[in-house]
Structures are given as C-alpha cells and as structure tokens.
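> sequence first, then the predicted structure:
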Amino acid sequence: MRCLIAQAEVLAFIERCMLAVGSKPSHAKSLAEVLVEGDRRGHYSHGLNRMDVYVKDVQTGICAKEGEPVVEKETVATALVNGSNLLGPVVGNFCMDLAIKKALNVGIGWVVAHGSNHYGIAGYYSMQALRENMIGMSYTNTSPLVVPTRAKERTLGTNPISVAAPAQDGDSFVLDMATSAVALGKIELYDRRGDIIPEGWGCDAQGKLSTDPGKVLDGGGLVPIGGGEVTGGYKGFGLGMMVEVFCGMLAGSQYSRYIRTWKGTDRVADLGQCFVAINPANFAPGFNSRLSDMLSLHRTLEPAKPDMEVFTPGDPERIHISRCEELGGIPYHINVVKFMNDCAKKIRVEPLLPCDRLISDS
C-alpha cells in the first residue's frame, strides 16, 4: 500500500525536521524543495527516503549549519567554490545560479565546488538552466559504493550525470542517471520492503552478482552501468571515473576511496560537484526546433511491444508528475512514511506525515 500525501505537507514536514536539528530556515527550505522534487519526478531513492541522512549530518555537526558558499577563484566563464561544508542543495543552488549568470554573459558557465555534501537529484540543478532557455549539466562524486569491473572493492560513488536541454513549447530533454546500474536508495527501498532486486544491480562481498539486497548493502556493492564486463560494465566504470575528473580532480575535493563511508559521521564528506550552463544562442540557430524534432522522431518510433511506447529522457518523470497532479499528492510506500515519522519522533517533530489516504500500488 501507498500513502497519498500532499506536496505541501511533505515540504513542511522536511522543513520542520531540519529546523529541529538547527538548520537555517533558508537552508531547510532548499533541502525540502530538492527532496520533494525528486519524489514528484518518481526518483524516490533521492527524496523523502533520504531525509534521515541529512538530519543525522546536521544533528551530529558533521555538516555545517551556518555560513554560505564562497567563491575562491573566478574568471568570466569559470569559478571554484568552497561549499563551506553546508547542505548539498544550498551549495548546488549557489553554484548553478552562478553558472547561469556566467552563461548569460559569455555563453558558458563552468562552476565546480569542494566542501559540499549530498545534494539530492542531479537533475534538479541541470533543469534550472531550462528557465533561461539554456543547456544545464550537473555532476557529483559520492561515497564509494560501486565495485569497478573485475574488482571486489568499492572505490567509486554512484557519480550521477544530468543534462537538461530546452526544446519548444516547454518540452525538454532531461537525462538524470547514476553511473552505477541503479542508485543505492533503490537497493535500500527493496530491502525495506523485503523484496529481491533484479540481477545486475549489485554484487556480494566477493564481487559476484546477487539479487539479495542485504548482501549488496552488507559487504557487497553496486555495479557500474552495464553490470558485468561481458555486458559492458566497463563503460559505466569509465563514466564514473569521468565524473571524478569533473568533480574530485577539478574541485580539489575528496575523491574515490578517500571520500568518507556512506552515512558515516566520523569526518566531513568534502564532496566535489560540477555545474555547467551553456547558452545555445551562441551556437547554430534553431536549437530548440531541432531538439523538438529529435524528441518527436524517437517518441513516434514503432514500439517493439505495442503497449510500451518509446520514451526519451525525461518522459517517465513527466508521466509521474502528471500522475501526482491527477491524484492530488505524491504516493509514498507506507513503510517509508512510517520510517520517516519514527525519525521525526526522535527529534520531537510534530505533526507527523499523515497516513490516512491509502491507495494501491498499481
């Protein structure tokens, strides 16, 4: 069963929880907006499901409550930002805004940050460029959770990539993907529900593919996009390292196995992140119409299965948003709601999320 909860209620709940552990109101709001947008787009692994991690980071003091990001080095098109160990969404919004301003001025803005934390869905930042009719890109490194091709040890993060590009009439191309086969949160959701995971998502402590989420979470790890070597996992491995080039290497942050253990609070995360804005007006004319044509070309392909239309990047999210609007709220698995309410009780937050509007999983 799922609980249907109004978007405004989830936003307010997350803000209350973050304020309870000492976050600034503006920072709590930034986090809430990112997490709820993740859920609204159907990326439940990076929405409300993640709130307890942020609460713990701020509560323990391992993530800063005060301060703002600071520009350390800058040119007309580039910037190096110190995230001041603040919540990732605070750093992400600051950097993407700066990248867009630079792109408006000189056609491109490339901003990297060190001293950041988990920032939610990468697409939240790339999509900000769409408001200015620009291409946006966002990357981040993360705690080592991915086992490279031919290895046993986790040395790379899920290292997501997001690219958003504007088409005509509000349409867009929005790619938002981890360079691992799936995000860790999806494994956690399956484990919380007591379900097995599809083969090719993760491996056990010996580097062998496993469908047991418990083995993946306890001693095992995620595998790169493509799964094993025979099915092209080395390509996902390469993409994960590419993200480190843009983030850990350019920003001078922690990287690879040097990043703290996921959910660890023994030291600051010091994540590296990259935000890019590109103005199509500085290139060939007709960008929006050509992109609309390419999207239409693929959406109208004859599907291999008649009841499964061809999607372009961003289409599944648009469908999920429309469903949420039709339902009048966001459907959450009841176990996730109960877990987060338990988290809120521990920090004496009221009111809790309501569980009175139940709908089926179908």
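That came through, no problem. Remember, it's a predicted structure, so these values are computed and weren't measured experimentally.
> tell me the pLDDT of residue 192.
pLDDT for residue 192: 82.
> cool, and residue 303?
Note on residue 303: pLDDT of 97.
> tell me the contacts of it?
By CB atoms under 8 Å, 6 or more residues apart in numbering, the residues touching residue 303 are 309, 310. In this view, the C-beta of every residue, glycine as well, is placed from N, C-alpha and C.
> one more: residue 211?
By CB under 8 Å, 6+ apart, residue 211 lies in contact with 196, 197, 198, 199, 201.
> and the residues you listed, which are buried?
197, 201 (16 or more other CB atoms under 10 Å).
> where's the dip in pLDDT among the contacts of residue 211?
Of all the contacts of residue 211, residue 199 carries the smallest pLDDT score, 88.
> which SS state does that one fall under?
Of the three states, residue 199 takes coil according to DSSP: H, G, I helix; E, B strand; the rest coil.
> do the same with residue 136
Following three-state DSSP, residue 136 is assigned to strand.
> separation between it and residue 332?
Per CB to CB, to the nearest Å, residue 136 is found 28 Å from residue 332.
> more crowded one of those two?
Between residue 136 and residue 332, residue 136 has the larger neighbour count (other CB atoms under 10 Å), namely 30 against 22.
> could you pull up the contacting residues of the nearest residue to that one once chain neighbours are set aside?
Leaving aside its sequence neighbours, residue 136 sits nearest to residue 129 (CB to CB, 6 or more residues apart in numbering; 2.9 Å). Residues near residue 129 by CB under 8 Å, 6+ apart: 96, 99, 100, 103, 135, 136, 164, 277, 278.
> from the residues you listed, pick the one nearest residue 228.
Residue 228 lies nearest to residue 164 out of these, by CB to CB, at 30.8 Å.
> state the phi and psi torsions of that closest one.
Main-chain torsions, residue 164, degrees, to the nearest 10: phi -120, psi 130.
> helices or strands next to the longest helix seen in the chain in the packing?
Looking across the chain with DSSP state H, the single longest helix is helix 88-106. If you count contacts as 3 or more CB pairs under 8 Å, 6 or more residues apart in numbering; DSSP states H and E, helix 88-106 packs onto helix 25-40, strand 78-82, strand 108-116, helix 123-126, strand 135-140, strand 271-278.
> so, low pLDDT: which residues of this protein?
The chain contains residues with pLDDT under 70 at 362.
> nearest to the spatial middle of it, which residue is it?
residue 121 (2.1 Å; CA atoms, centre = their mean).
> distance of that one relative to residue 195?
Residue 121 is 23 Å from residue 195, by CB to CB.
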